[in-house]
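Participant: Predicted structure and sequence below. I'll ask about it afterward.
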Amino acid sequence: MRAFAVFLFTIPLLAGALSDPRPAGKPPANEGFALVELFTSEGCSSCPPADRLLDRLGKEFAHQPVYLLSYHVDYWDHLGWKDAYSDPAFTKRQREYAASLHAQSVYTPQVVVNGRTELVGSNEKGVRAALRQYLGTPAPAELEMEGRLTDDRRVKLTYRTRGQQPARLLLAFARREVQTRVGRGENGGKTLLHRNVVGKLVPLRLSGEGTGEAVVPLPAGFAPADWELIAFLQHPETGAVLAGKRVVVP
């Protein structure tokens, strides 16, 4: 079975409200969660509705275990507008999902939820149904992570995992909000809003006991108020996401 690769790089989703299916009080450590990965491009005229949906979900689920990541692919870049946030590594990640999910092709906008469900990124009804499903299903693994900023523009991390194995641990640095005035291409003349644009995705090492520590350099321009750190466990072959965590750094 094809391995689901890990990479490191840097770069300069109206349906009715979804009720929280979890009981009141402190949730269990392995509560349900949803990692929503949007593959998008500023050169794609069908993508802005998906970008706006992701923005709405970010505001609606800011205090729930719904984690949003926006990857800008590069295969639109030769059609009139070079997306400044695009990277071939994003396209590679999308193609790996296509293989693991047996999709016939890659496209934008595309959403993958928990590495297991793929659908058109602007399909709000479908995306919300996937969120409802995964929030109501206990996670197959547990992830705990704490971070602290250091004086030399790095973040020191301590983490622990339990549950399903094998797994790889990834940490995404995502800029909370970006606006771009597009000059050419299918979206020429429009100002586009992007939510949680990934700028850096870092693989972290796990010991045999599921614990670890790491010190990771921060992306250029990082400020705690403007960026979100999202960690998740992913099966190295199937691509299924096993646990997720929003990492708060003081």
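Facilitator: All right, it came through fine. Residues are numbered from 1 along each chain as shown.

Participant: Look up how far T191 lies from P65.
Facilitator: Counting by Cβ to Cβ, to the nearest Å, the gap from P65 to T191 is 31 Å. Where you see a C-beta, it was placed from the backbone N, CA and C, and this is true even at glycine.

Participant: Those two - which one has more neighbours?
Facilitator: For P65 and T191, the more surrounded residue by other Cβ atoms under 10 Å is P65, and the numbers stand at 20 against 10.

Participant: wouldn't V120 be in contact with A130 here?
Facilitator: No - using Cβ atoms under 8 Å, V120 is not in contact with A130, being 11.8 Å away.

Participant: Give me the common contacts of the two.
Facilitator: Between them, V120 and A130 share the neighbouring residues V111, with contact defined by Cβ atoms under 8 Å, 6 or more residues apart in numbering.

Participant: who's more crowded, these two?
Facilitator: With neighbours defined as other Cβ under 10 Å, V120 and A130 compare such that A130 has more, 22 against 17.

Participant: how much space between the more buried one and G58?
Facilitator: Between A130 and G58 the computed distance is 16 Å (Cβ to Cβ).

Participant: what about the residue positioned nearest the centre of the chain, is that helix, strand or coil?
Facilitator: The geometric centre of the chain, computed from its C-alpha atoms, lies nearest to L69 (Cα atoms, centre = their mean), at 2.6 Å. Look at L69: counting by DSSP: H, G, I helix; E, B strand; the rest coil, its state is strand.

Participant: Kindly report the same for K125.
Facilitator: Using three-state DSSP, the structure places K125 in helix.
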